[in-house]
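Participant: predicted structure and sequence below. I'll ask about it afterward.
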Amino acid sequence: MTLEERLASYVVEGSKDGLIEDLTEALKHYAPLDIINGPLMAGMDEVGRLFNNNELIVAEVLQSAEVMKASVAFLEPYMEKTETATKGKMLLATVKGDVHDIGKNLVEIILSNNGYEVVNLGIKVPPEQLIEAYHKEKPDMIGLSGLLVKSAQQMVLTAQDLKQAGIDIPILVGGAALTRKFTNTRIAPEYDGLVLYAKDAMNGLELANRLMN
Ligand code: B1M
């Protein structure tokens, strides 16, 4: 197996044996984020495919998630950091009913490495908690992540509740449950502020930069 294939297979197999050695080797050839977006994401996509075909059970997918999280934690110190003053503050959450947090946590890492203060509220975050945190933290933007089809609908409800609470700061949304079309036609009309869709964490950073400039 090539190095890239081995990296994907750690995620698919949910195994950490040899992982750190191979990640260390990969760092000689690739930037940390390219390792995540390349072979590790390819492994996760395969896990999703196998799970969909009932060839993996939830417990096995959890092990794969653990490998992905361990890889991201190992690679994080090698990611580029800007030493600028705070560019802005983001409240970040996976929406109510959804436990998927790997993508959200990647957004936190990328943004905080690039000058943003990120208040990560965690998973299954109901609108009430976001509204309370908004008043406490006074963020410049809100980031919402969701991977389940029902989470896309939950984002519409969240946008409605934020609007009702008089909040109109930009919302950045992302996660496999969403598309730009859904964002524009279903979420944006329910909110008074800007709603921007990010296809991945780097795109999230680009959009945040555009908002703050
Ligand atoms: Co679940 N799961 N899962 N799962 N899981 C999916 C999402 C699924 C597509 C798998 C499948 O069937 N093929 C499917 C959803 C089906 C649907 O709704 N249409 C699914 C299901 C069904 C479920 C359960 C219901 C299973 C069950 O219990 N029967 C259950 C849901 C529980 C719940 O949420 N209430 C469940 C549970 C789990 C685990 C706990 C086992 C585990 C999550 C562990 C964790 O996150 N701590 C898990 C996993 C790992 C997956 C897959 C395999 C991988 C997700 C992942 O971490 N990807 C996933 C299949 C897949 O996506 N291929 C699947 C890697 C991560 C980096 O990508 O989060 O997409 P992602 O983030 C990307 C972009 O989306 C974007 O940036 C990142 C890249 O840079 N992004 C943002 C994300 N958030 C962003 C926010 C932004 C900007 C960009 O700004 C704010």
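Facilitator: Thanks, I have it.

Participant: list the buried residues of the strand ranked longest in the chain.
Facilitator: The single longest strand within the chain, with elements called by DSSP state E, is strand 88-94. With burial defined by 16 or more other Cβ atoms under 10 Å, the residues of strand 88-94 counted as buried are 88-94. Using the backbone N, CA and C atoms, a C-beta is placed for each residue, glycine as well.

Participant: output the contacting helices and strands for the lengthiest helix in the chain.
Facilitator: Counting by DSSP state H, the longest helix found in the chain is helix 58-75. Based on contacts counted as 3 or more Cβ pairs under 8 Å, 6 or more residues apart in numbering; DSSP states H and E, the elements that helix 58-75 packs against are helix 3-13, helix 19-26, helix 32-35, helix 41-52, helix 102-113.

Participant: what's around Ser166, how many residues?
Facilitator: Just to correct that, residue 166 is Gly rather than Ser. The number of residues packed around Gly166, counting by other Cβ atoms under 10 Å, is 9.

Participant: how close does Ala31 get to the ligand?
Facilitator: Ala31 sits at a distance of 14 Å from the ligand (criterion: Cβ to the nearest ligand atom, to the nearest Å).

Participant: residues in the protein within reach of the ligand, list them.
Facilitator: Taking Cβ under 6 Å from any ligand atom as the criterion, the chain approaches the ligand at residues 44-45, 47-48, 51-52, 58, 61-62, 64-65, 97-104, 106-107, 143-145, 147-149, 172-176, 198, 200-201, 204.

Participant: avg pLDDT for stretch 6-25?
Facilitator: Taken as a whole, stretch 6-25 carries a mean pLDDT of 98.

Participant: just the buried residues of that stretch, please?
Facilitator: Neighbour-count burial for stretch 6-25 flags 6-12, 14, 19, 22-23 (criterion: 16+ other Cβ under 10 Å).

Participant: compute the first-to-last residue distance for that stretch.
Facilitator: 11 Å (Cα to Cα, to the nearest Å).

Participant: which residues sit against that stretch?
Facilitator: Under the criterion Cβ atoms under 8 Å, 6 or more residues apart in numbering, residues 1, 3, 26, 35, 39-40, 42-44, 46-47, 50, 60, 62-64, 66-68, 70-71, 74-75 lie in contact with stretch 6-25.

Participant: now, which of the buried residues of stretch 6-25 sits nearest the ligand?
Facilitator: Looking at the buried residues of stretch 6-25 and their distance to the ligand, the nearest is Val11, at 9.0 Å (Cβ to the nearest ligand atom).

Participant: grab the nearest non-local neighbour of that closest one.
Facilitator: Computed as Cβ to Cβ, 6 or more residues apart in numbering, the closest residue to Val11 that is not its neighbour in sequence is Gly43, at 2.9 Å.

Participant: from His135, how far out is the one you found?
Facilitator: Going from Gly43 to His135 by Cβ to Cβ, to the nearest Å gives 40 Å.

Participant: these two: who's more crowded?
Facilitator: Looking at Gly43 and His135 with other Cβ under 10 Å, you find the greater number of neighbours at Gly43, namely 25 against 9.

Participant: for the protein, which spans come out with low pLDDT?
Facilitator: Across the chain, no stretch falls below the confidence threshold (pLDDT under 70).

Participant: for the longest helix of the chain, list the C-alpha coordinates in PDB.
Facilitator: As requested, the backbone C-alpha atoms of helix 58-75 are provided in PDB (Å, rounded to 0.1, in the frame of the first residue of the first chain):
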ATOM      1  CA  VAL A  58     -22.100   2.700  14.600                       C
ATOM      2  CA  ALA A  59     -19.500   1.500  17.000                       C
ATOM      3  CA  GLU A  60     -17.100   1.000  14.100                       C
ATOM      4  CA  VAL A  61     -17.800   4.400  12.700                       C
ATOM      5  CA  LEU A  62     -17.000   5.800  16.100                       C
ATOM      6  CA  GLN A  63     -13.600   4.200  16.100                       C
ATOM      7  CA  SER A  64     -13.000   5.700  12.600                       C
ATOM      8  CA  ALA A  65     -14.000   9.100  14.100                       C
ATOM      9  CA  GLU A  66     -11.500   8.600  16.900                       C
ATOM     10  CA  VAL A  67      -8.700   8.000  14.400                       C
ATOM     11  CA  MET A  68      -9.700  11.100  12.500                       C
ATOM     12  CA  LYS A  69      -9.800  13.100  15.700                       C
ATOM     13  CA  ALA A  70      -6.400  11.800  16.800                       C
ATOM     14  CA  SER A  71      -4.900  12.600  13.400                       C
ATOM     15  CA  VAL A  72      -6.300  16.200  13.400                       C
ATOM     16  CA  ALA A  73      -4.900  16.600  17.000                       C
ATOM     17  CA  PHE A  74      -1.500  15.300  15.900                       C
ATOM     18  CA  LEU A  75      -1.400  17.600  12.800                       C
END
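
Participant: all set, thanks.
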